[in-house]
Structures are given as structure tokens and as C-alpha cells.
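**Student:** Everything below, folded, please.
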Amino acid sequence: MPIVTVKMIEGRTDEQKKALVEKVTEAVNETTDAPKEKIAVIIEEMSPNHYGVAGKRISDQ
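**Tutor:** Modelled structure (predicted):
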């Protein structure tokens, strides 16, 4: 059973997250032949205060 975790900054709409889950599931199905009903997609959202790039938090940019 493939389990895919997507970590991203919070702020996407429910429709965007729904589309993400559908497309990730489709990609895993196509590339691994795993049945769609066995593919789990977990979305972990984080605050911009909890993520930094190049020494700066996203919230500070």
C-alpha cells in the first residue's frame, strides 16, 4: 500500500487539496500499478512561521 505525504504551506482551498489528492493518486497508480483503493495521500499543512528557506522564514519574506 503506497503512502504519499505532501507537506506544504497552509492556505490552499479544499478544491485545490481535493485535486492534489486525485492527481497524486493517479500518478502513483500509473507508475506503480498499485490499485487506487490502496493508495493513501496525506496532506500535512504548516504555518509559514514553521518553514524557512535560505535562512529566512517564509512568513518573513
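
**Student:** Just list the residues touching residue 36, thanks.
**Tutor:** Residue 36 is in contact with 25-26, 29, counting by Cβ atoms under 8 Å, 6 or more residues apart in numbering. No exception for glycine: its C-beta is placed from N, CA and C like everyone else's.

**Student:** Looking at it now. What's its pLDDT?
**Tutor:** pLDDT, residue 36: 98.

**Student:** Need phi/psi at it.
**Tutor:** Dihedral angles of residue 36 (phi, psi; degrees, to the nearest 10) stand at phi -60, psi -40.

**Student:** and if you look at residue 21?
**Tutor:** According to degrees, to the nearest 10, residue 21 has phi -60, psi -40.

**Student:** That one: neighbour count?
**Tutor:** 17 (other Cβ atoms under 10 Å).

**Student:** mind listing what the nearest residue to it once chain neighbours are set aside touches?
**Tutor:** Closest residue to residue 21 apart from its sequence neighbours, by Cβ to Cβ, 6 or more residues apart in numbering: residue 41 at 4.6 Å. The contact partners of residue 41, by Cβ under 8 Å, 6+ apart, come to 4, 6, 20-21, 24-25.

**Student:** Most neighbours out of the contacts of residue 36, which is it?
**Tutor:** Result: residue 25 is most packed of the contacts of residue 36 (other Cβ under 10 Å), 18 neighbours.

**Student:** so residue 7 bridges to which residues?
**Tutor:** residue 44 (DSSP bridges).

**Student:** hmm, back to that, tell me the secondary structure for the residue nearest to residue 21?
**Tutor:** State at residue 41, reduced to three classes by DSSP: H, G, I helix; E, B strand; the rest coil: strand.

**Student:** for residue 10, what are its contacts?
**Tutor:** Taking Cβ under 8 Å, 6+ apart as the test, what residue 10 contacts is 45-48.

**Student:** rerun that using 7 Å as the cut-off
**Tutor:** 45-47 (Cβ atoms under 7 Å, 6 or more residues apart in numbering).

**Student:** Provide the backbone phi and psi angles at it.
**Tutor:** Given degrees, to the nearest 10, the pair of backbone angles that residue 10 has is phi -60, psi 160.
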